[in-house]
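>>> Predicted structure and sequence below. I'll ask about it afterward.
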Amino acid sequence: MASTAEQIAANLNFGAFAKATELKKRLWFTLGALIVYRLGTFIPIPGIDPTIIGDIFTQQSDGILGVFDAFAGGALSRMSIFALNVIPYISAAIIMQLMTAISPTIEQLKKEGETGRKKINQYTRYLTVGLAVIQAYGLSVGLESLSTSQGAAVENPGYFFRTSTVITIVGGTMFLMWLGEQITARGVGNGISLIIFAGIVAALPTALASTLELGRTGALSALFIIGFLVFAVAVITFIVFFERAQRRIIVQYPKRQVGNRMFGGESSHIPLKLNTSGVIPIIFATSILLTPVSIAGFSGGGGILNTITAVLGRGQPLFFLLFAVLIIFFAFFYTAIVFNPEETADNLKKNGGFVPGIRPGKNTAEFFDYVLTRLTVVGAGYLTLVALLPEILISRFSVPFFFGGTSLLIVVVVSLDTVAQIQSHLLAHQYEGLIRKAKLKGRRG
């Protein structure tokens, strides 16, 4: 079986892709859904002046609003119907994961298999609606207070504007959540991740064109631009290496006899990723640090807010220090939620598996915890480096290019996952072809 899989993997080419009709349908559906999403980011909510909104958000591009706008593909700065994007859904999903470790009821639902998973998904949707309503109302109130020398951002402020804005934005968020689920079910890849991916990638051509324009006018030297692009490629390669890195723990299963047949005796492995927590630590750390700075800038500052802005502004030494500390903390915290050494050790013991040289039960759990801690130390350092490098480039060298660590991580991780799913579909298609050929030979024989 292993040699057959290797042979099929080696034969994956454009010819195999051309014959995979089902895969092509899934890819076209995914592309069409993402086009619908991108079109929606250009439809503004009623009752606003898009020009004034764009000018105000340009001034706040360094705050958390700028970070969220990057994830939303510019939908927030244009104040479109998809202004919140899928951020409420992501927040709800993270909260439900945290609740799994806190609430025994939700933890029990997680152990009930498919039925429990459906209930958790339903609770996540309800929580998404609640968070979207709160955020949309806060956004509508904030919009009413915005104005420039050209005029006010909202034409007719009041409860009617707030109500229509909440309904429009919440409806857009729920539509995107549904669209993401459809992409996951009928397309290729994780739908929610691909929506964020599309928003980030949509900003890259404009940023690249702006950088090349600065080079043409002489604001940046050609050597600097080439060096920066080479550096970006090197960082992407670095991210790919660490995202694919894993520690494989060998697991042995003893032989057992059932009737006249002998089962077991084979060995397997448990893959522990070097970066188990993904991009969650950077997202949490960014939100905590940039929220007070964004509030200060969005409200006009004053008093203690000005002091916070001066001390925690992007590029300040304290900002770098707290950013690194928060990333490391959340890396360990989220890894502890995602992977439970005691539960994994108990499942191995129940199935008769064991790690060679380690006693089943408590000793195995301690071994998993020891290995995972060492991996998390390296993973947290890797996340900190990837997150701080862009901040240093922006603050110290004034790099005029969109090069956020979180965005880069999302783009690379989603690309790797999507390519892996495409390869899985091609493998399945190749296996189906082999099975059909075997059946035809059997009939002829």
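Structure's in. What do you need?
>>> Helices along the stretch 101-250 of the chain, start to end?
For the stretch 101-250 of the chain, the helices defined by DSSP state H, counting those that start in this stretch cover 104-110, 114-144, 159-186, 191-217, 222-244.
>>> Nearest to residue 71 among those helices would be which one?
helix 191-217 (5.5 Å; Cβ to Cβ). For glycine as for every other residue, the C-beta is placed from the backbone atoms N, C-alpha and C.
>>> Against which helices or strands is that closest one packed?
For helix 191-217, the packing partners by 3 or more Cβ pairs under 8 Å, 6 or more residues apart in numbering; DSSP states H and E come out as helix 21-40, helix 64-71, helix 159-186, helix 222-244, helix 405-444.
>>> can you give me the offset of that helix from its chain's centre?
17 Å (Cα atoms, centre = their mean, to the nearest Å).
>>> tell me which residues of it are tucked away?
Along helix 191-217, these residues count as buried under the neighbour rule (16 or more other Cβ atoms under 10 Å): 191-203, 211, 214-215.
>>> What of stretch 147-163?
By 16+ other Cβ under 10 Å, the buried positions in stretch 147-163 come out as 152, 153, 154, 157, 161, 162.
>>> do the same with stretch 360-371
360, 364, 365, 367, 368, 369, 371.
>>> now, among those, which is nearest to residue 176?
residue 368 (37.5 Å).
>>> Spatially nearest residue to that closest one (excluding sequence neighbours)?
If the residues on either side of it in the chain are set aside, residue 368 comes closest to residue 341, at 3.7 Å by Cβ to Cβ, 6 or more residues apart in numbering.
>>> And residue 267, by the same measure?
Spatial nearest neighbour of residue 267, excluding adjacent residues (Cβ to Cβ, 6+ apart): residue 252 at 5.0 Å.
>>> Next, count neighbours for that neighbour.
The tally of other residues near residue 252 (other Cβ atoms under 10 Å) stands at 16.
>>> Report pLDDT for it.
Looking at residue 252, its pLDDT stands at 83.
>>> can you pull out the helices in the stretch 301-445 of the chain?
304-312, 317-338, 341-350, 362-397, 405-444.
>>> So for the last one, mean pLDDT?
Averaging the model's pLDDT scores along helix 405-444 yields 75.
>>> go on, the shortest one?
In this model, helix 304-312 has a mean pLDDT of 67.
>>> give me every residue that touches the closest residue to residue 186 other than its chain neighbours.
Leaving aside its chain neighbours, residue 186 sits nearest to residue 29 (5.3 Å; criterion: Cβ to Cβ, 6+ apart). Contacts for residue 29 (Cβ atoms under 8 Å, 6 or more residues apart in numbering) come out as 182, 183, 186, 187.
>>> What separation do you get for residue 29 and residue 240?
According to Cβ to Cβ, to the nearest Å, residue 29 stands 27 Å off from residue 240.
>>> tell me the centre residue of the chain?
Taking Cα atoms, centre = their mean, the centroid of the chain lies closest to residue 410, which sits 5.0 Å from it.
>>> my read: that residue touches residue 197, true?
Yes. The criterion here is Cβ atoms under 8 Å, and residue 410 meets it with residue 197 at 6.3 Å.
>>> Show me the shaky parts of the stretch 51-200 of the chain.
The stretch 51-200 of the chain contains residues with pLDDT under 70 at 58-67, 149.
>>> mind running it again at 90?
For the stretch 51-200 of the chain, applying pLDDT under 90 flags the ranges 51-79, 83-121, 134-159, 188-193, 196-197, 199-200.
>>> so which of the contacts of residue 29 comes closest to residue 390?
Closest to residue 390 out of the contacts of residue 29 is residue 183 (28.4 Å), distances taken as Cβ to Cβ.
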